[in-house]
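K.L.:
sequence and predicted model, in that order:
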Amino acid sequence: MQDIADIIPHDSPEDMPVDVVLKALAQLTTPIDESEGVEIMDALGRIIYQDVISTIDVPAHDNSAMDGYAFDGAMLLHAEPNGLELKVVGTALAGQAWPGQLRPGECLKIMTGAIMPAGVNTVVPQELCHTGPHGLVQFPSHSLRPGSNQRLKGEDLQKGQVALQKGTRITPAAAGLLASLGQSVVRVYRPLKVAYFSTGNEILSLGDAPREGAVYDSNRYTVIGLLSNLGCEVIDLGVVRDDPQLLKEAFVQAADHADVIITSGGVSTGDADHTKSMMRELGDMVFLNVAMRPGRPLALGRLTRGAKTAMLFGLPGNPVAVMVSFLVFVKPALLQMMGCTEAPQPYIRARSQELLRKKPGRTEYQRGVVTRNADGDLQVISTGPQGSGLLRSMVQANGLMVLHHAQSTVQVGDWVDVMLL
């Protein structure tokens, strides 16, 4: 296995651009090669482990796309200027084949989804029709052509065709597609196991009495929430003090049971060195300063226990920096480990409603609120002060304005990229 230091050029005196870190992470992370069969009702959000091949044609027969009257569309070629008048000789219901055969000048009342009989290929919607005496139906022909309102056999999927590709996340639509194939169980990647703990003597757990200089642990709840949204199996190790033995026990326990370890705090310049020292002692680690705001410090590594290796992310301690670092770096890496091959969610473009001062040389993620103006254009305004400890601003925001590495000051009315939250 290649050392992380050989992949990430961490010894540069300059802060590392975001895109360089992302490229390195893409090299470091590989999907877990383990799967399980899951009922499709329980499979939402899971990642498909192998291509799903359709064993049937969908639909299985040519059928009607709506309620109306079915007939041979060739009669449209000889229709009178005022339309067609046909004799209704039967009714075709969904779920059962009509046993008869139409003759010239005849049609069939048909329901949505009903099988189209042989020689019949066109349906006129019932709302366009006028029923007359003696079982006759009249309708204009100028808006129809042969084949109108007919669903063809295999139009959605043909037998032997790939219905869902490996690496696809199962959405409600994908679950419905699986059901349309008659498939009740799907093979998916097993859930990614992620261990998390916060570090620091100043961190209080909920229920602890307040004390001067201490803060309650919000990172534990934001990170676990983000992991839960991704469908990860979370191992919550709580708060670990800046004590070498306690830190070692936490890292060993995490490495023994998890695919990924995430910590917050202890990786910034000036932090107590216990966390960094323990990471170095137990694994292959690099400590980076990333050219970004918020979230400059970042630790990446692997902890190996016997034949098992866990990926490790050491995130900064400030609440907003933790969330931004997770969204920018950890989320795409976890999705890759989960086997997901879908393209990342694209940024949207919105016009800035204010001056955003920036110098080239780092990527900034500013909390903002995206709305639509009277002209229908998307517009965005910041939530105000952008300090990395201001968690309330993340609640107010519905997006992060992404001011790219080479970008300079944004003027009022300029377009900016926004990562929707």
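P.N.:
Cool, got the structure. Source: prediction; values computed, not measured.

K.L.:
when you work out contacts or count neighbours from here on, use the C-alpha atoms and nothing else.
P.N.:
Will do.

K.L.:
residue 49 reaches residue 169, doesn't it?
P.N.:
No: the pair residue 49 / residue 169 is not scored as a contact, 9.8 Å apart, by CA atoms under 8 Å.

K.L.:
the closest residue to residue 354 other than its chain neighbours and residue 369: what is the separation?
P.N.:
Counting by CA to CA, 6 or more residues apart in numbering, residue 354 lies nearest to residue 412, which is 4.8 Å off, once chain neighbours are set aside. Taking CA to CA, to the nearest Å as the measure, residue 412 falls 15 Å from residue 369.

K.L.:
what about those two, which has more around it?
P.N.:
The neighbour count for residue 412 versus residue 369, taken as other CA atoms under 10 Å, is higher for residue 369 (19 against 13).

K.L.:
what is that one paired to in the beta sheet?
P.N.:
Beta-bridge pairing for residue 369 (DSSP bridges): residue 381.

K.L.:
gap between the longest helix belonging to the chain and the chain center?
P.N.:
If you go by DSSP state H, the chain has its longest helix at helix 244-257. Put simply, helix 244-257 sits 31 Å off its chain's centre (CA atoms, centre = their mean, to the nearest Å).

K.L.:
buried ones in that helix, by neighbour count?
P.N.:
Within helix 244-257, the residues that qualify as buried are 247-248, 250-251, 254-256, counting by 16 or more other CA atoms under 10 Å.

K.L.:
now the helices for this protein?
P.N.:
Using DSSP H, helices in the chain cover 4-7, 18-28, 172-180, 219-230, 244-257, 274-282, 319-325, 331-337, 392-396.

K.L.:
helices or strands up against the second one?
P.N.:
To tie it back to what came earlier, the one meant is helix 18-28. Counting contacts by 3 or more CA pairs under 8 Å, 6 or more residues apart in numbering; DSSP states H and E, helix 18-28 packs against helix 4-7, helix 331-337.

K.L.:
equivalent analysis for the last one, please.
P.N.:
If contacts are counted by 3+ CA pairs under 8 Å, 6+ apart, helix 392-396 sits against strand 363-372.

K.L.:
so the strand it packs on versus helix 18-28, what angle?
P.N.:
Taking axes from the mean of the first three to the mean of the last three CA atoms, to 10 degrees, strand 363-372 and helix 18-28 form an angle of 100 degrees between their directions.

K.L.:
next, count neighbours for the closest residue to residue 131 other than its chain neighbours.
P.N.:
Excluding the flanking residues, the one nearest residue 131 by CA to CA, 6+ apart is residue 137, at 4.4 Å. Using other CA under 10 Å, residue 137 is surrounded by 20 other residues.

K.L.:
and the strands in the stretch 1-150 of the chain, which stretches?
P.N.:
All strands of the stretch 1-150 of the chain, identified by DSSP state E, counting those that start in this stretch, fall at 35-39, 52-53, 63-64, 68-71, 84-92, 106-110, 122-125, 130-131, 136-139, 150-151.

K.L.:
buried set for the longest one?
P.N.:
What that stands for is strand 84-92. 84-88, 90-92.

K.L.:
next, format the residues you listed as a markdown table and append distance to residue 1 and pLDDT.
P.N.:
Output for those, formatted as a markdown table (distance: CA to CA, whole Å; pLDDT from 0 to 100):
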| residue | distance to residue 1 | pLDDT |
| --- | --- | --- |
| 84 | 75 | 94 |
| 85 | 77 | 95 |
| 86 | 75 | 96 |
| 87 | 76 | 97 |
| 88 | 74 | 97 |
| 90 | 71 | 95 |
| 91 | 68 | 96 |
| 92 | 65 | 96 |
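
K.L.:
nearest to residue 234, of these?
P.N.:
Nearest to residue 234 among the buried residues of strand 84-92: residue 92, at 53.6 Å, using CA to CA.

K.L.:
ok, the closest one - contacts?
P.N.:
By CA atoms under 8 Å, 6 or more residues apart in numbering, the contact list for residue 92 reads 98, 108-111, 114-115.

K.L.:
and it, how far from residue 62?
P.N.:
13 Å.

K.L.:
which residues do those two both contact?
P.N.:
Contact criterion CA under 8 Å, 6+ apart; residues shared by residue 92 and residue 62: residue 115.

K.L.:
what count of nearby residues applies to the residue nearest to residue 28 when sequence neighbours are not counted?
P.N.:
Among residues not flanking residue 28 along the chain, residue 4 sits closest, at 7.6 Å (CA to CA, 6+ apart). If you count neighbours by other CA under 10 Å, residue 4 ends up with 19.

K.L.:
how is the protein divided into domains?
P.N.:
Using automatic domain parsing, the domain ranges for the chain come out as 4-34+191-337, 43-56+157-189, 63-151, 348-420.

K.L.:
quick check: mean pLDDT of the longest one?
P.N.:
The one in question is domain 4-34+191-337. Averaged across domain 4-34+191-337, the pLDDT comes to 91.

K.L.:
how about stretch 365-376?
P.N.:
Stretch 365-376 carries an average pLDDT of 95.

K.L.:
list of residues touching it?
P.N.:
292-294, 324, 350, 378-383, 386, 393-394, 396-403.

K.L.:
quick one: neighbours of residue 206, just the number.
P.N.:
Neighbours of residue 206 under the rule other CA under 10 Å: 10.

K.L.:
err, residue 24, not the other one
P.N.:
Around residue 24 there are 15 residues (other CA under 10 Å).

K.L.:
ok, it - contacts?
P.N.:
Residues near residue 24 by CA under 8 Å, 6+ apart: 7-8.

K.L.:
could you redo the last one with a cut-off of 6 Å?
P.N.:
residue 8 (CA atoms under 6 Å, 6 or more residues apart in numbering).

K.L.:
swap in residue 157?
P.N.:
Contacts for residue 157 were tallied using CA under 6 Å, 6+ apart; they are 57-58.
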